[in-house]
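**Q** would you be able to build a 3D model of this:
(chains A and B)
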There are 2 protein chains.
Amino acid sequence: MWGKYMNAIVELPGGLENVSVFKYAAIECGIRYPNRLDFSLIYSKEPCWAAGAFTTNKICAAPVILCRERIKNPIHAVLINATNANAATGKQGLENAKLLTKELGKLLSINENSVLMASTGIIGVQLPVDKMKQSLPVLVNNLNTESGTLLPRAIMTTDTFPKQYAISFKTSSGTYTMAGIAKGAGMIAPNMATLLCFVVTDFPVEQHILNKLFYESVNVSLNAITIDGDMSTNDTAIILSPAKPSSHTENDITIFGKALLVMMKKLAYLIVSDAEGGTKCVIIKVIHAANDTDARKAAKSIAESLLVKTAMFGNDPNWGRIACAAGYSGAQLQEETLSIYFDSIPLFKNGTPVEYEKETLIKILQKREYTITVDLGIGNSEFEYLTSDLSYDYVKINAEYST
Amino acid sequence: MWGKYMNAIVELPGGLENVSVFKYAAIECGIRYPNRLDFSLIYSKEPCWAAGAFTTNKICAAPVILCRERIKNPIHAVLINATNANAATGKQGLENAKLLTKELGKLLSINENSVLMASTGIIGVQLPVDKMKQSLPVLVNNLNTESGTLLPRAIMTTDTFPKQYAISFKTSSGTYTMAGIAKGAGMIAPNMATLLCFVVTDFPVEQHILNKLFYESVNVSLNAITIDGDMSTNDTAIILSPAKPSSHTENDITIFGKALLVMMKKLAYLIVSDAEGGTKCVIIKVIHAANDTDARKAAKSIAESLLVKTAMFGNDPNWGRIACAAGYSGAQLQEETLSIYFDSIPLFKNGTPVEYEKETLIKILQKREYTITVDLGIGNSEFEYLTSDLSYDYVKINAEYST
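**A** As a prediction, the model looks like this:
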């Protein structure tokens, strides 16, 4: 069903600057380090509908609490800072987030409740709130469409490259654009992985549809990737769409949903491909599961297994570890119908090890990207997870910092 | 309640040879490598009751299937082999296990259903069953009490030292002995972590009591440790006790239960202290949880977090990662009542970071063993998990083998 709308979608060079109904700004505020873009803003003069997906961690950052409160309002702006997560900062942390969004509201002549905030960086340290407050007028003055190119860089922490993606899509009422940025699952010690993701579009869509489609796309993108299985205190993904009356056809909505799926899968892919210490980006595809829950459970269990991830790093076609991780996933399975493939090469088929062409397999294992398919041989459900390998550098990046 | 029976328990030097109602043998069969103890036997002329805890992985090894079938019978012998797990070996694997235990039964003039089996080693490869069958008479001829000293070595795979423990305990009917051996969570590629544990005692106890006490002790020992979170296909823990009529007092049973708890916690400790690549052995103690389930959930989540484990390796007192892992554990908690201690040093108290004496803390972090206490500040339940750190060597051991 999705496939037939695919040719309505066109990839665009660049990122946020493609969506010109929004303005952007990013500056060096010196929140934690000098000479580094660390404070940024997404702004729309017209109110927008927002949909959001946030960490489910019970220890969650102040900006996440703030976003949860405000996300149902019409939204004008998202204020973002890197290098300080404003997490485990108690009441003061929440007050600081409120203060900054209130000040920004004044400067932009908008209601403070129409301002969202997102943060990433060190945990347990209060924001340098005076410095940030003083920078707000500069941020507002710098607002323009072109500054969109700065934002993917301004939200980075241990990411090795900025992550952005832009597309256009054609509906019965015209051509629209959509663009997104993300920061990956990198950690800033003594902090944990933090994922931020912001998507903007000029396609107006009713709030309940935006919510539904965003949730569906996050479910198979940002919620179907793993680097180290640790869930952050700050995870935030937000989409903004003009809160204008719209009369889209059902087809138009389907095209928009497809575009959103393409966007979110691309951003998720960019995050995993920049995993800390990662040398591989591997799709774990579970097929013929008894039901959707089982397909997801088995894929997640394999994608998170340390033994599978170290084997990937070592170019080891270790189907035993894969069978083992599927076996303890909780999904219905049995050895007799279980098969495992590396790309198209079977290694284990219906419970029996298969002789394989070693040279072909070695070529697959040495690739940066390949697919491990696990066929449970039971039902008709399938699910894909995207994972990275576990390398020396992962340990190095996360162990060598001393608080 | 347990405490008052503690002085009835005495630590003994050595291992299995202390329990002389059993005989033992270990030989070099050459199952996978030459010149290596790899085939061993525990035997009791008199029938025993057995209790067992096994992997819950749906992909489970043939000897596990066999043990599950036979464990309720009176048991005379446990046949153990290292270097081949007999897992993912299908019907042939199960037939091989049955054949070997049947042959052993003939040699010992006991029913084949009174013979258990356990295996550890490579997955997906059939046992060299002829070679093993030919070795059975040698194994039987070598049976004696002294050979008990060989067994902890004969079950090793990537373990760096043999693991054994022996105690005696005094009851109203006399003094009894108990001894145990274990092999740790090491992997033999292309295999996964495999835990084997065998405990013998000359204390006769009814089967349902043995089952209950063994389950209780495994729950807080072998089921409360983690190295890499991967659950093996071969995990097996078995206890044997003479199936004789006994008339113990309630106090005697309590002393036995206490002795069993001491035994199992010690073996669990030995396993974690020999974790692959491990440089630390850290207790994660969760206190003041709302209930027992929550205490366990939070402790497990922290103990399994890669970010917590890499921080341990790096001597980094990263309370943020600990709070984060507790936060996504599913346990009831709130930032305002959460406190975190390294040994007795608080780093985070009731939701607020605490200034600490850096030098004292550094001394704790550099120790091989210390305790991280996480006070949820809600209820009265507590639970302890034992974990290891995640080092470069873990990655090396598990990545550098190529199948």
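
**Q** residues in contact with residue A:33?
**A** Contacts for residue A:33 were tallied using CB atoms under 8 Å, 6 or more residues apart in numbering or on different chains; they are residue A:83. From N, CA and C alone the C-beta is placed, and that goes for glycine too.

**Q** over to it. Which of the three states is it?
**A** Following DSSP: H, G, I helix; E, B strand; the rest coil, the label given to residue A:33 is coil.

**Q** chain A - how does it break down into domains?
**A** With domains defined by automatic domain parsing, chain A comprises A:3-273, A:281-399.

**Q** turn those domains into CSV, including distance to residue B:268.
**A** Output for the domains of chain A, formatted as CSV (distance: least, CB to CB, whole Å):
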stretch, distance to residue B:268
domain A:3-273, 23
domain A:281-399, 19
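
**Q** got these as TSV, with mean pLDDT columns?
**A** As requested, these are exported to TSV (pLDDT from 0 to 100):
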stretch	mean pLDDT
domain A:3-273	92
domain A:281-399	91
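
**Q** where do the strands sit along the stretch 201-350 of chain A?
**A** A:225-226, A:236-242, A:281-289, A:339-342, A:345-349 (DSSP state E, counting those that start in this stretch).

**Q** what's near enough to touch the closest residue to residue A:387 other than its chain neighbours?
**A** Nearest residue to residue A:387, sequence neighbours excluded (CB to CB, 6 or more residues apart in numbering or on different chains): residue A:303, at 3.8 Å. Applying CB under 8 Å, 6+ apart to residue A:303 gives the contacts A:226, A:284, A:385-387.

**Q** ok, and the most crowded of these?
**A** Neighbour counts for the contacts of residue A:303 (other CB atoms under 10 Å in any protein chain shown) peak at residue A:387, which has 29 neighbours.

**Q** coming back round to it: which of the strands of the stretch 201-350 of chain A is buried the deepest?
**A** strand A:236-242 (a mean of 26; mean count of other CB atoms under 10 Å in any protein chain shown).

**Q** now check that strand, is it near chain B?
**A** No - on the criterion CB under 8 Å from any CB of the partner chain, strand A:236-242 is out of touch with chain B, staying 15.0 Å away.

**Q** now swap in stretch A:82-91 and tell me
**A** Yes - using CB under 8 Å from any CB, stretch A:82-91 reaches chain B at A:87-88, A:90.

**Q** how about stretch A:50-60: buried residues?
**A** Buried positions in stretch A:50-60, judged by neighbour count with 16 or more other CB atoms under 10 Å in any protein chain shown: A:50-55, A:57-60.

**Q** which other helices and strands does the helix or strand hosting residue A:63 contact?
**A** Using DSSP states H and E, residue A:63 falls within helix A:62-70. When contacts are defined as 3 or more CB pairs under 8 Å, 6 or more residues apart in numbering or on different chains; DSSP states H and E, helix A:62-70 packs onto strand A:39-54, helix A:90-108, strand A:115-119, strand A:236-242.

**Q** among the buried residues of stretch A:50-60, which ones lie close to chain B?
**A** Within the buried residues of stretch A:50-60, those near chain B by CB under 8 Å from any CB are A:55, A:57-60.

**Q** any chance of these in a markdown table, plus secondary structure?
**A** Output for these, formatted as a markdown table (three-state DSSP):
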| residue | secondary structure |
| --- | --- |
| A:55 | coil |
| A:57 | coil |
| A:58 | coil |
| A:59 | coil |
| A:60 | coil |
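
**Q** quick one: residue A:336 and residue A:351 touch, right?
**A** Yes - when contacts are counted by CB atoms under 8 Å, residue A:336 is listed as touching residue A:351 (4.5 Å).

**Q** what touches both of these two?
**A** Shared contacts of residue A:336 and residue A:351, defined by CB under 8 Å, 6+ apart, are found at residue B:90.

**Q** quickly note the distance from residue A:326 to chain B.
**A** Distance of residue A:326 to chain B, computed by CB to the nearest CB, to the nearest Å: 7 Å.

**Q** I figured that residue was touching residue A:335, is that so?
**A** No - with contacts counted by CB under 8 Å, residue A:326 stays clear of residue A:335, the gap being 10.2 Å.

**Q** ok, now how distant is the residue most central in space within chain A from residue B:330?
**A** Closest residue to the average C-alpha location of chain A: residue A:222 at 4.3 Å, with CA atoms, centre = their mean. Distance, residue A:222 to residue B:330, by CB to CB, to the nearest Å: 20 Å.

**Q** now do residue A:156
**A** Where residue B:330 is concerned, residue A:156 sits at a distance of 31 Å (CB to CB).

**Q** one more: residue A:369?
**A** Counting by CB to CB, the gap from residue A:369 to residue B:330 is 33 Å.

**Q** any idea how far the residue sitting furthest away from the middle of chain A lies from residue B:340?
**A** Residue farthest from the centre of chain A, counting by CA atoms, centre = their mean, is residue A:355 at 38.7 Å. Noted for residue A:355: a distance of 53 Å to residue B:340, by CB to CB.
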